[in-house]
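Novice: next input, structure requested:
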Amino acid sequence: MSDFTLYTIALLGYCVLAFLRFCVILLLASCLLLLLDIIIVAKFFRRGVNCMSWLLVLGAKSDIARATARRFAIAGFNIYLAARNSDFLDIEIKDLEVRYKIKAMSLEFDVLKTETHKEFYDSIKEKPFAVLCAVGYLGDQRLAEKDFNEAKKIIDTNYTGCVSILNIIADDFEKRGYGYIIGISSVAGDRGRKMNCFYGSSKSAFSAYLSGLRNRLFQKNVRVMTVKPGFVRTKMTEGREIPDLLTAEPEEVASDIFNAYIKHRDILYTKWYWRYIMFIVIHLPEFIFKRMNL
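Specialist: Residues are numbered from 1 along each chain as shown. Reported below is the predicted structural model:
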């Protein structure tokens, strides 16, 4: 057997051993991550079910908000549902109480009436452990281009009003030294598009606000999560042409939010593949992107 053949066999053997070593390391790392997830989930359920914490849901009439409230109720959370004309939530309140054996209350809340926000939060006797801001208004893009009142309504609903109430809640959470803020933004905020530039820009601003809030409150033991859904089958998208393969049900989004919550995720794309879709969209050169009909 020649030296070249021996050298080739030795090299192949080394490559095989290196590959096997890599597989073992990858398997051990996966097992470790799985163990950490199990520990986090176990701690959550021990804490969440026993203490019967309250979740405050802002914009509680939305399909995603109601689905998420039900998912947290399963885990033992008491639920505040806050929205305009909150009397319409009475059926949902009764269903939560009967189905999940938790406490539930409806609260009157108008995101556009920022002057009432402090009084609204102060009126809650038992302050929430977590808040879900699910306020959203798609609006009429064409109308907003011609009428600034519509543009302002989109901006104030999706950004200004949310910042107003979350500032108040964040101050309370910061002082007491714990809490969880979940804000529902949108993949539309990752890059401006002509089809929804008002909605998209307001969600982009909201994402940036949540990022800053997360940075500010991290050392105070307050978690802030940004949720970026793609297409979701809700009242907001009813009547619009959206691709079935890329469209999630509200219950799927709620499940993703809950799982991300117990794992302390900072940013959640839901469904998961939107992270990669938006990575491509974000990195398209502007000279190409501006020519696209999006």
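Novice: how far does the helix or strand containing residue 206 sit from its chain's centre?
Specialist: According to DSSP states H and E, residue 206 maps onto helix 197-217. Counting by CA atoms, centre = their mean, to the nearest Å, helix 197-217 is centred 12 Å from the centre of its parent chain.
Novice: which strands and helices sit next to it?
Specialist: If contacts are counted by 3 or more CB pairs under 8 Å, 6 or more residues apart in numbering; DSSP states H and E, helix 197-217 sits against helix 141-146, helix 148-155, helix 161-176, strand 179-184, strand 222-229. All C-beta spots, glycine's among them, are computed from the backbone N, C-alpha and C.
Novice: what's that helix in contact with?
Specialist: Contacts to helix 197-217, defined as CB atoms under 8 Å, 6 or more residues apart in numbering, come from residues 137-139, 141, 144, 151, 154-155, 157-159, 162-163, 166, 170, 173-174, 181, 183, 185-186, 188-193, 223-226, 228, 266.
Novice: buried ones among those?
Specialist: Neighbour-count burial (16 or more other CB atoms under 10 Å) applied to the contacts of helix 197-217 gives 137-139, 141, 144, 151, 154-155, 157-159, 162-163, 166, 170, 173-174, 181, 183, 185-186, 188-191, 193, 223-226, 228.
Novice: rewinding a little: ok and the helix holding residue 206 relative to helix 148-155, angle-wise?
Specialist: 40 degrees (axes from the mean of the first three to the mean of the last three CA atoms, to 10 degrees).
Novice: show me what counts as buried in helix 197-217.
Specialist: 197-207, 209-211, 213-214, 217.
Novice: averaged pLDDT, it. What do you get?
Specialist: The average pLDDT for helix 197-217 rounds to 98.
Novice: isn't residue 70 up against residue 96?
Specialist: Yes: counting by CB atoms under 8 Å, residue 96 is a contact partner of residue 70 at 7.0 Å.
Novice: pLDDT weak spots in the stretch 1-150 of the chain?
Specialist: Scanning the stretch 1-150 of the chain with the threshold set as pLDDT under 70 gives 1-15, 18, 29-31, 33-52.
Novice: ok, which stretches of it are helices?
Specialist: Remark: helices assigned in the stretch 1-150 of the chain by DSSP state H, counting those that start in this stretch are 3-51, 63-74, 90-100, 117-122, 141-146, 148-155.
Novice: who touches the third one?
Specialist: Helix 90-100 has contacts (CB under 8 Å, 6+ apart) with 60, 66, 69-70, 73-74, 79, 81, 102-106.
Novice: go again with 6 Å.
Specialist: Outside helix 90-100, the residues that touch it by CB atoms under 6 Å, 6 or more residues apart in numbering are 73, 79, 104, 106.
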